[in-house]
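> structure for the following, please:
(one chain, ligands or ions: 1)
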Amino acid sequence: MAITTDLSGKTAVITGSNSGIGLGIARELAKAGANVVLNSFTDRKEDHALAEEIADVCGVGARYIKADMSKGAECRQLIEEAGACDILVNNAGIQHVAAIPDFPIEKWDAIIAINLSSAFHTTAAALPMMRAAGWGRVVNIASAHGLTASPYKSAYIAAKHGIVGLTKTTALETAEEPITANAICPGYVLTPLVEAQIPDQMKAHGMDRDTVVREVMLARQPSKDFATVEQLGGTTVFLCSDAAAQITGTTISVDGGWTAL
Ligand code: NAD
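Numbering: from 1, shown residues only. Sure thing, here's the model as predicted:
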């Protein structure tokens, strides 16, 4: 059988995809031919415009559906409203940094809900559709922090380790079917949010851009280079391709060597 990355006719739902990594993944899946469903919790003109632009550029079906990934019922509703879900990318995520005794309870609850529980709900709603279609791919966007820890990020690290565990269980429950479940573990990725932090970091440390990026922001990333949203999109397309049909229940690090340290 020829190995293909052609995803024509497949529908991909990408949570948290009106910016950053999720949007990058949606664009690469659409370039590979998949119809895409974008999502976030807002319902602005520009959210829908992103879907229209992808449809125009890639010649695929593209829609934006508002759903709040902190609410289980809305996570399940997103998949129902999508109508099909051959590829599920659980990407929505937030961060908060504080020591454990000071960590606000509502931040803990929100991070666990958005970064972890949402993937349980969307997966529960999507697996019956994948089974009915006879094919499926679950791609969970974890983090280098799904495999290692740092201080002051307790909720994020607990959620990201949790999603790696959820990925393994999803893979075992679907192991004998043409469905796979894997987690991508990015290191530091150059998203608009990260880009926007660079001038502040330069000022705070009195360093030029290259030095602050190498020595401060990428201190733990041996490549001393950011991953890009296009690379994460390409990794997702690979996991959806025939070549990856026997890759399931595992993690792929896109972290410039972070977890090799
Ligand atoms: P981002 O803030 O650009 O994207 C997060 C997305 O999630 C946005 O589209 C946002 O609207 C959405 N979102 C937030 N709360 C939501 C909610 N309640 N309901 C629905 N959508 C919601 O950040 P990003 O860097 O692109 O992060 C995307 C994913 O990648 C996250 O899971 C993050 O943990 C992970 N990640 C990012 C990096 C990095 O360096 N940027 C590294 C490792 C992992």
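
> name the residues linked to residue 89 by a beta bridge.
residue 14, residue 139 (DSSP bridges).

> can you tell me the strand partners of the longest strand seen in the chain and which way each runs?
For the chain, the strand with the greatest residue count under DSSP state E is strand 179-186. Under the criterion DSSP bridges, strand 179-186 sits next to strand 136-141 (parallel), strand 251-254 (parallel) in its sheet.

> can you give me the strands in the stretch 51-200 of the chain?
With DSSP state E, counting those that start in this stretch applied, the stretch 51-200 of the chain shows strands at 62-66, 87-90, 136-141, 179-186, listed in chain order.

> columns distance to residue 236, mean pLDDT and mean neighbour count on top of those strands, output as a markdown table?
No exception for glycine: its C-beta is placed from N, CA and C like everyone else's. Converted to a markdown table, those look like this (distance: least, Cβ to Cβ, whole Å; pLDDT from 0 to 100; neighbours: other Cβ atoms under 10 Å):
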| stretch | distance to residue 236 | mean pLDDT | mean neighbour count |
| --- | --- | --- | --- |
| strand 62-66 | 16 | 98 | 21 |
| strand 87-90 | 6 | 99 | 30 |
| strand 136-141 | 5 | 98 | 26 |
| strand 179-186 | 7 | 99 | 26 |
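
> any chance of CSV for those strands, columns distance to residue 227?
What follows is these, written out as CSV (distance: least, Cβ to Cβ, whole Å):
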stretch, distance to residue 227
strand 62-66, 24
strand 87-90, 16
strand 136-141, 12
strand 179-186, 5
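
> so which of those strands comes closest to residue 147?
Comparing the strands of the stretch 51-200 of the chain against residue 147 with Cβ to Cβ, the closest turns out to be strand 179-186 (5.8 Å).

> that closest one near the ligand anywhere?
Yes: if you take Cβ under 6 Å from any ligand atom as the test, strand 179-186 does meet the ligand, through residue 186.

> mind giving me the domain split of the protein?
The chain breaks down into these domains under automatic domain parsing: 11-189+227-254, 190-226.

> which of these sits most buried?
Between those, domain 11-189+227-254 has the highest mean count of neighbours, a mean of 20, where neighbours are mean count of other Cβ atoms under 10 Å.

> what residues does the stretch 51-200 of the chain have near the ligand?
Residues of the stretch 51-200 of the chain lying close to the ligand (Cβ under 6 Å from any ligand atom) are 68-70, 91-94, 114-115, 141, 143, 186, 188-189, 191, 193-194.

> rerun that using 8 Å as the cut-off
The stretch 51-200 of the chain comes close to the ligand at residues 67-71, 74, 91-95, 110, 113-115, 118, 141-145, 156, 160, 185-194, as judged by Cβ under 8 Å from any ligand atom.

> just the ones of these in helices?
Secondary-structure check on those using DSSP state H: residues within helices are 74, 110, 118, 156, 160, 192-194.

> out of the residues you listed, which is nearest to residue 240?
Relative to residue 240, the closest of those is residue 118; by Cβ to Cβ it sits at 20.2 Å.

> how about that closest one, nearest residue that isn't a chain neighbour?
Excluding the flanking residues, the one nearest residue 118 by Cβ to Cβ, 6 or more residues apart in numbering is residue 69, at 3.9 Å.
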